[in-house]
Structures are given as C-alpha cells and as structure tokens.
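*Asks:* Please find the sequence and the predicted model below.
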Amino acid sequence: MAKKETSTKSFVLRVDAATMDAIEKWAADEFRSTNGQLQWIIAEALRKSGRMKKTKNIPPPEEPES
C-alpha cells in the first residue's frame, strides 16, 4: 500500500509540565487543539521574526467544527 504524502512533519517536543499546562489552557481558550496551538505559536513567531512569509501553501491552524 502506498504511503500518502503530506506537507507536515512530525517530531517529539519536550516541555516542562507548567509550560504544557499553559499551552493546553491557551489552546482551549481559543478552541484549538494543543497541536494546532503549537503550530500557530511557531508560525506566528516565524512571521514576526521575518523568517517566514505568509503563504497560501501553509494551512491555517485547526478550527473548531460547528
């Protein structure tokens, strides 16, 4: 069976418990998954630093289903 190609890569991230708790609360406050929130935080930091321009190829963070 052929593997479906994706534009995302997986990696392991280690953070302390207090940081993870804060990220999870922030994600819940904005109706995102924890993973979606981390993607948004990283993308926002890259854009603000000028290291990544906003492009149409980058999918937006997860949105809640209605």
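*Replies:* Cool, got the structure.

*Asks:* The residue nearest in space to the middle of the chain sits in which helix or strand?
*Replies:* Nearest to the geometric centre of the chain sits Q39, at 1.3 Å (C-alpha atoms, centre = their mean). Using DSSP states H and E, Q39 falls within helix 34-48.

*Asks:* Now do the buried residues in that helix.
*Replies:* Buried residues in helix 34-48, counting neighbours by 16 or more other C-beta atoms under 10 Å, are found at G36, Q37, L38, Q39, W40, A43. For the C-beta atoms, the positions are set from N, CA and C on the backbone; glycine is no exception.

*Asks:* Show me where this structure has its helices.
*Replies:* With DSSP state H, the ranges of helices along the chain come out as 17-29, 34-48.

*Asks:* now for those, which one comes closest to T8?
*Replies:* Smallest distance to T8 across these (C-beta to C-beta): 8.6 Å, for helix 34-48.
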